[in-house]
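> Show me how the following folds:
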Amino acid sequence: MAESQFYSVERVAVEYLSSLGPTKRASDQAVILRFVRWFGRQRGVQAIKGRDVDTYCQMIQPNEAGALRGFLSYTYKKGLSVRGLASQVKAKKEPREPARVATGPSEPVVVTEEGLQILRAELDELKEQRLLLTEQVRKAAADKDFRENAPLQAAREQKSHVEGRIQELEATIASATTVPNSGRNAAVCLGDTVNLKDLSTGGKVTYKLVDSREASPARGKLSSSSPIGRAIMGKRIGQEIEFSAPGGTFKYLLESIDQPGRA
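Now for the predicted structure:
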């Protein structure tokens, strides 16, 4: 069927929604149609690639994943898309980079006060974990047969990972400055929470603009250096924001800005 006919994403989405019960359809419809519009209504469902799903998942909330996963599973069962797309729908974790060895002055890091507190809490927790891992390594090393000492190897690997993360956090915190709560104007700045309205669908989304080190799209924390973040930064209430995606260019209206420390 998939080989002899062209199936647009919009057509398959309508068929899928029609197959759902009233309650499920009501809860999933907005999520699925938003993906359809983002990808491009008249693009073939066969054109959906893993990279498209990965990119889109950076902009969804955790409670939207199930609806999108169900739709992509349906396209595969119908023989209209490749295997594995549904399994890629998940909350994304920020990649952890290996600790860097400083070769000069640290690059300034601008974070929100909330973000700095989170980083400090993580550092304290990891330092406690390091003590426990050190003791685990000592106990595992007491077994003189190193040839098949899996516990020792596992403890050393975990301790190495923790040490690297501690170094990274210490470097970040040492060079971090926080966003001031005073002297702000009405334009969007780092640390602000913005409320946007989709000018095509009327749907609304909320994001907090943060440094890339704090970013977690699944939790509504958007990196100010991301394509969407760059489009939002500096805008004022009432201005339109354009964002490009595989399905075209989309427009949003900046309805309000919640700024830290402002009544």
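> Three-state assignment for residue 206, please.
Residue 206 carries the three-state label strand when classified by DSSP: H, G, I helix; E, B strand; the rest coil.
> Spatially nearest residue to it (excluding sequence neighbours)?
In this structure, residue 206 finds its nearest non-sequential neighbour in residue 195, 5.2 Å apart by CB to CB, 6 or more residues apart in numbering. No exception for glycine: its C-beta is placed from N, CA and C like everyone else's.
> Would you give the sheet partners of the one helix or strand that neighbour maps to, along with the direction of each?
Secondary structure assignment for residue 195, by DSSP states H and E: strand 193-198. Under the criterion DSSP bridges, strand 193-198 sits next to strand 204-210 (antiparallel), strand 248-258 (antiparallel) in its sheet.
> What about residue 35, how many residues nearby?
Applying other CB atoms under 10 Å, we find 24 residues neighbouring residue 35.
> quick one: pLDDT of it?
If you check residue 35, the pLDDT there is 89.
> show me what contacts it?
With contacts defined as CB atoms under 8 Å, 6 or more residues apart in numbering, the neighbours of residue 35 are 13, 56, 68, 71.
> try it again with 7 Å
Shown here is residue 35, whose contacts under the criterion CB atoms under 7 Å, 6 or more residues apart in numbering are 56, 68.
> Over to residue 227?
So residue 227 contacts residue 243 (CB under 7 Å, 6+ apart).
> Please apply the same query to residue 72.
The neighbourhood of residue 72, defined by CB under 7 Å, 6+ apart, consists of 81, 85, 86, 89.
> buried ones in the helix or strand hosting it?
Under the assignment given by DSSP H and E, the secondary-structure element containing residue 72 is helix 65-77. Neighbour-count burial for helix 65-77 flags 65, 67, 68, 69, 70, 71, 72, 73, 74, 75 (criterion: 16 or more other CB atoms under 10 Å).
> now the residues you listed as JSON lines including pLDDT and distance to residue 43?
Supplementary listing: the buried residues of helix 65-77 in JSON lines, determined by pLDDT from 0 to 100; distance: CB to CB, whole Å:
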{"residue": "65", "pLDDT": "87", "distance to residue 43": "22"}
{"residue": "67", "pLDDT": "91", "distance to residue 43": "19"}
{"residue": "68", "pLDDT": "91", "distance to residue 43": "16"}
{"residue": "69", "pLDDT": "91", "distance to residue 43": "20"}
{"residue": "70", "pLDDT": "93", "distance to residue 43": "20"}
{"residue": "71", "pLDDT": "94", "distance to residue 43": "15"}
{"residue": "72", "pLDDT": "94", "distance to residue 43": "15"}
{"residue": "73", "pLDDT": "93", "distance to residue 43": "19"}
{"residue": "74", "pLDDT": "94", "distance to residue 43": "17"}
{"residue": "75", "pLDDT": "93", "distance to residue 43": "13"}
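> tell me which of those is nearest to residue 211?
Minimum distance to residue 211 across these is 25.1 Å, recorded for residue 65 (CB to CB).
> Is it correct that that closest one is in contact with residue 88?
No: counting by CB atoms under 7 Å, residue 88 is not a contact partner of residue 65; they are 10.2 Å apart.
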